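Trainee: the amino acid sequence is not available; the structure is as follows:
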């Protein structure tokens, strides 16, 4: 027994009536001297007649808990390292029936040691009492495949707290100020925003708590061939191509607005919390882009924390060590920075692990699961809405004039642009698609441009008509043969 039990027992020793008081003193002293290594006296004069109820109940529960269960060999199990094991198990973990049990402490009255309320283990499909091991209940005999994991009790919601109307108005004013401040530098995305509070100027911050594998935003901007790149910052190469994304629009013939917050994400090669992924576009046509560069979280990012990725891993074209860039020095102080984010957005739903779904759809040749990707900036915008971003109007500086400048920028010695080049032209004109740019330029130049999709449809129609005619000819020859035999 422990020291507390020895102290209680020594105080409750009841000597024999025929013994003298000195004998009782000797008995008490003998128990107290046990701490010094002295032997404890044995005999009727040294026995305890009763124990207090807490000590007696704890002893009975301990005896009940420590009763060895039977292993699958029908032998009493031995207890090692807080668990019950088959007695035939050797030190190397070999031999025996493989019995292992970590039974929760419970008693017949449903109360465990320390006054904690513990339930009786449930019964498995064999009717035996389940054994607790590694967070699950298992069949104690290992006969059936029954497992059970108890659900934790539901946590009661916190009671609502009363706030003064002045405090509510103050919080609302702070949210409005945070949103207006963020929107002054770049468009505020549903999951990110731009702030000047980074340790190296402007930076990208999480608007809400981001999960692992969650899409943050798209890394976009004017797309140009690498041969036309003359310098600048925030330039990333599209993997597997010679196309680069000019995030700062330093190489575009037009002053394109910065519509993608991801271009403000700073560099971190030691401890980045995000990465760039090239997502294939499966439902695009020949005049659309084949890939979209997406910024994805690789760890849980708290709201108000800065988002950084490795520019070198993302095949950045610009020099990430140049002092003119916004790349910070290698330090982890930015990871502890937290600023007040704008109020969270209610839509869209977060997108998780989308790249794996797209790759699986390509391998299995099937449609990917439906997903609500964030729309492109000004995607589907009307002419008036696009004019607000610097794209619109007819005449000098308008839609037609800007289109001619971009086409001249991409054209080499006045040659016609390919279908893939029209998808790049559209990235310089927000709110326009590659088809719209090609069709409008055909009207302005007076040239008829064959539609590759219509040409493909015409070829398929010709093949179908040829097969039908061949089938009709075969049926006619069969009929003539049957008439000859008759």
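Mentor: Yes, it's here. Since we're looking at a predicted model, the values are computed, not measured.

Trainee: which residues sit against stretch 436-449?
Mentor: 287, 399-400, 403-404, 406-407, 416-417, 422, 425-426, 429 (Cβ atoms under 8 Å, 6 or more residues apart in numbering). In short, each C-beta sits where N, CA and C put it, glycine included.

Trainee: now do 6 Å
Mentor: 403, 407, 422, 425-426 (Cβ atoms under 6 Å, 6 or more residues apart in numbering).

Trainee: now the residues you listed as TSV including pLDDT?
Mentor: Below are those laid out as TSV (pLDDT from 0 to 100):
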residue	pLDDT
403	90
407	91
422	91
425	92
426	90
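
Trainee: now, which of the residues you listed sits nearest residue 68?
Mentor: The nearest member of those to residue 68, counting by Cβ to Cβ, is residue 426 at 76.3 Å.

Trainee: just to check, that closest one is in contact with residue 419?
Mentor: No - using Cβ atoms under 6 Å, residue 426 is not in contact with residue 419, being 11.9 Å away.

Trainee: between those two, who's got more neighbours?
Mentor: residue 426 (24 against 17; other Cβ atoms under 10 Å).

Trainee: does that one count as helix, strand or coil?
Mentor: helix (DSSP: H, G, I helix; E, B strand; the rest coil).

Trainee: any low-confidence regions in the stretch 101-250 of the chain?
Mentor: 101-121, 132-135, 141, 151-153 (pLDDT under 70).

Trainee: can you give me the strands for it?
Mentor: 131-133, 136-138, 147-148, 192-198, 201-206, 215-218, 223-225, 235-237, 243-246 (DSSP state E, counting those that start in this stretch).

Trainee: for residue 358, find the nearest of the ones you listed.
Mentor: That would be strand 215-218 among those, by Cβ to Cβ, at 12.0 Å.

Trainee: what lies in contact with the closest one?
Mentor: 189, 191-192, 260-262, 292, 294-297, 351.

Trainee: mind putting those residues into TSV with secondary structure and distance to residue 235?
Mentor: Listed next are the contacts of strand 215-218 as TSV, based on DSSP: H, G, I helix; E, B strand; the rest coil; distance: Cβ to Cβ, whole Å:
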residue	secondary structure	distance to residue 235
189	coil	21
191	coil	24
192	strand	20
260	coil	13
261	helix	17
262	helix	13
292	strand	17
294	strand	17
295	strand	15
296	strand	20
297	strand	23
351	coil	26
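
Trainee: tell me the one of those nearest residue 308?
Mentor: Nearest member of those to residue 308, counting by Cβ to Cβ, is residue 295, at 10.1 Å.

Trainee: the closest one - how many residues pack around it?
Mentor: 24.

Trainee: touching, it and residue 273? I think so.
Mentor: No - look at residue 295 against residue 273 with Cβ under 6 Å: they stay out of range, at 10.6 Å.

Trainee: in the strand or helix carrying residue 443, which residues are buried?
Mentor: Using DSSP states H and E, residue 443 maps to helix 434-445. Residues of helix 434-445 classed as buried: 434-438, 440-441 (neighbour count, 16 or more other Cβ atoms under 10 Å).

Trainee: which one of these is nearest to residue 214?
Mentor: The closest of the buried residues of helix 434-445, once distances to residue 214 are taken by Cβ to Cβ, is residue 434, at 29.2 Å.

Trainee: so where's the stretch 351-486 of the chain uncertain?
Mentor: 374-397, 448-463, 465, 468, 471-486.

Trainee: show me this structure divided up by domain.
Mentor: Per the record, the chain has its domains at 1-51, 186-364, 381-476, by automatic domain parsing.

Trainee: what is the end-to-end distance of the longest one?
Mentor: Using Cα to Cα, to the nearest Å, the end-to-end distance of domain 186-364 comes to 39 Å.

Trainee: stretch 125-145 too?
Mentor: 8 Å.

Trainee: now residue 335: how far from residue 262?
Mentor: 19 Å (Cβ to Cβ, to the nearest Å).

Trainee: sorry, back to before: closest one to residue 307 among the strands of the stretch 101-250 of the chain?
Mentor: strand 201-206 (4.6 Å).

Trainee: that closest one: partners in the sheet, and parallel or antiparallel?
Mentor: strand 192-198 (antiparallel), strand 306-309 (antiparallel) (DSSP bridges).

Trainee: contacting residues around that strand?
Mentor: 192-196, 261, 264-266, 301, 303, 305-307, 326.

Trainee: please apply the same query to stretch 334-350.
Mentor: 175, 178-179, 182, 188, 190, 193, 195, 197, 199, 207-208, 214, 303-304, 306, 372.

Trainee: mind giving me the PyMOL select for those residues, buried ones only?
Mentor: Buried residues among those (16+ other Cβ under 10 Å), as a PyMOL selection:
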select buried, resi 178+179+182+188+190+193+195+207+208+214+303+304+306
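
Trainee: restricted to helices, list the contacts of stretch 334-350.
Mentor: Mapping the contacts of stretch 334-350 onto helices (DSSP state H) picks out 175, 178-179, 182.

Trainee: okay, those residues in JSON lines with distance to residue 85 next?
Mentor: Formatted as JSON lines, those follow (distance: Cβ to Cβ, whole Å):
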{"residue": "175", "distance to residue 85": "59"}
{"residue": "178", "distance to residue 85": "59"}
{"residue": "179", "distance to residue 85": "61"}
{"residue": "182", "distance to residue 85": "60"}
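
Trainee: between the residues you listed, which is nearest residue 231?
Mentor: residue 182 (28.9 Å).

Trainee: hmm, residue 239 is touching residue 279, no?
Mentor: No - between residue 239 and residue 279 there is no contact, the gap being 10.9 Å when judged by Cβ under 6 Å.

Trainee: so for the two, which sits in the more crowded spot?
Mentor: Taking other Cβ under 10 Å, residue 239 and residue 279 do not tie; residue 279 has more neighbours (19 against 13).

Trainee: what's the closest of the ones in helices among the contacts of stretch 334-350 to residue 140?
Mentor: residue 175 (56.6 Å).

Trainee: what's the nearest residue to residue 179 if we skip its chain neighbours?
Mentor: residue 342 (3.9 Å; Cβ to Cβ, 6 or more residues apart in numbering).

Trainee: and the one you found, how many neighbours?
Mentor: Neighbour tally, residue 342, other Cβ under 10 Å: 22.

Trainee: quick one: it and residue 433, what's the gap?
Mentor: 30 Å.

Trainee: now do residue 336
Mentor: On the measure of Cβ to Cβ, residue 336 and residue 433 end up 43 Å apart.

Trainee: could you do residue 282 as well?
Mentor: In terms of Cβ to Cβ, residue 282 sits 17 Å off from residue 433.

Trainee: neighbour-wise, which of these two wins?
Mentor: The residue with more neighbours, out of residue 282 and residue 433, is residue 433; 19 against 11, by other Cβ under 10 Å.

Trainee: surely the more buried one is in contact with residue 423?
Mentor: No - the pair residue 433 and residue 423 fails to qualify as a contact (Cβ under 6 Å) at a distance of 8.4 Å.

Trainee: related to what we said a few turns ago, and residue 335 and residue 262? which has more neighbours close in?
Mentor: Using other Cβ under 10 Å, the more surrounded residue of residue 335 and residue 262 is residue 262, with 27 against 14.

Trainee: quick one: the more buried one and residue 296 touch, right?
Mentor: No - with contacts defined as Cβ under 6 Å, residue 262 does not count as touching residue 296, sitting 10.3 Å away.

Trainee: what number of residues lie near residue 125?
Mentor: Count around residue 125 with other Cβ under 10 Å applied: 11.

Trainee: so how far is residue 139 from it?
Mentor: 7 Å.

Trainee: shared neighbours, the two?
Mentor: residue 146.
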